[in-house]
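Trainee: Model the structure of this input:
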Amino acid sequence: MTARDRYTVDTAYWHKLDDGRVQCDLCPRFCKLHAGQRGLCFVRQNLDDQIVLTTYGRSSGYCIDPIEKKPLNHFLPGTPVLSFGTAGCNLACKFCQNWDISKSREIHTLADEASPQQIARAAQKLGCRSVAYTYNDPVIFHEYAIDVARACHEKGIKSVAVTAGYVCPEPRREFYQYMDAANVDLKAFTEEFYHKITGSHLAPVLETLEYIQHETDVWLELTTLLIPGKNDSDKEIDAMSQWVVEKLGADVPMHFSAFHPDWKMLDVPATPRETLIRAREIAMKNGVRYAYTGNVHNEAGDSTYCHQCGERLIGRDWYVLTDWKLTADGKCASCGTPCSGVFEATHGNWGAKRQPVRLSDFAA
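Mentor: Next comes the predicted model:
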């Protein structure tokens, strides 16, 4: 596979400018590149007067994770997901917790190589119900992610996007034709945070959320990493969760996760457990039916409850399922109220295991 391979994705999200540069139209950064120049994401480059994905077919590594780690609590609970990422990112988050991958400018980061068909074959042989595009944002490896999703669907394997949702409307429309579930980072609910701390803007992310929820069949969950003094005020969490209920609906799960000092925010303390519990309570008070805490041990905040009768439907201790009170058709076993999500008659039992995988073992 070469840097110029585009495989089955034919739409070109770029155009030539009058001054000789080429503008990338994949995300709202609209990087304008001279010959040989790379965009902020680092992986999309002006080669021969067109934008080329230079990392097609290469990954920073593959691993089987529990689906709850994405985090997705209402999409095939307990099942294993084959996860992979590439390198680079189209955001510039100062708090990035995968910075060694997302901020990488070193080609040796991409240690593994696999075709879409090889990934699908590996997922099938390893018993994974889905493949996740994660660790860095699949927006920037758009073509590769779509081709992998196509190959996976041919084998009955679903596709999961873990993304910040910073993408333009046309590529967004193409991308989500091939996704089955998405966890989108709603990083904050102020333009100031997005602009100063992530180097991006809030509005395109909100547009992506509304598009996914109302224009596709993709199962959607949200994650917000709460950073002390930056986006964790009661006022902001209140406004965010009210917006979610009003614009997306009460059934969209919200995950509030704990920050730990990393990358360029080593001077900010870790998020107290109490902050996450408070955020969950605010969201539920505003009508969010499924709110969770993450990155801390809190069985109550990990578990899923019936919004009608309060029965614990899915008990979780970190990533291990401890209770299951859903009927075969996804309803509360006590009162019959449907639980929103994508469920099968029985849950998976993968547990909390993390299993690295070498794709070279699954060559044709």
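Trainee: residues in contact with the nearest residue to residue 170 once chain neighbours are set aside?
Mentor: Leaving aside its sequence neighbours, residue 170 sits nearest to residue 13 (C-beta to C-beta, 6 or more residues apart in numbering; 6.8 Å). From N, CA and C alone the C-beta is placed, and that goes for glycine too. The neighbourhood of residue 13, defined by C-beta atoms under 8 Å, 6 or more residues apart in numbering, consists of 24-26, 51, 142, 168, 170-171.
Trainee: Would it be right to say that residue 118 lies in a helix?
Mentor: Yes: with DSSP: H, G, I helix; E, B strand; the rest coil as the criterion, residue 118 is part of a helix.
Trainee: The stretch 251-364 of the chain: strands as residue ranges?
Mentor: Ranges of strands in the stretch 251-364 of the chain, per DSSP state E, counting those that start in this stretch, are 254-258, 291-294, 304-305, 312-317, 320-324, 355-357.
Trainee: partners of the fifth one, with directions?
Mentor: Strand 320-324 has these partner strands in its sheet, going by DSSP bridges: strand 312-317 (antiparallel).
Trainee: related to what we said a few turns ago, how about the strands of the stretch 251-364 of the chain in a markdown table, adding mean pLDDT, distance to residue 66 and mean neighbour count?
Mentor: Putting those into a markdown table (pLDDT from 0 to 100; distance: least, C-beta to C-beta, whole Å; neighbours: other C-beta atoms under 10 Å) gives the following:
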| stretch | mean pLDDT | distance to residue 66 | mean neighbour count |
| --- | --- | --- | --- |
| strand 254-258 | 97 | 14 | 24 |
| strand 291-294 | 97 | 13 | 24 |
| strand 304-305 | 98 | 15 | 23 |
| strand 312-317 | 97 | 10 | 20 |
| strand 320-324 | 96 | 8 | 16 |
| strand 355-357 | 94 | 10 | 14 |
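Trainee: which residues are contacting stretch 14-32?
Mentor: Contacts of stretch 14-32 (C-beta under 8 Å, 6+ apart): 13, 33-35, 39-41, 44, 46, 49-51, 90, 139-140, 142, 166-168, 170-171, 200-201, 204.
Trainee: what do you get for stretch 278-295?
Mentor: 71, 73-74, 223-224, 226, 232, 234, 237-238, 241-242, 244-245, 250-260, 271, 273, 276-277, 301-302, 304-305, 307, 340.
Trainee: Just give the closest residue to residue 216, not the sequence neighbours.
Mentor: residue 176 (4.8 Å).
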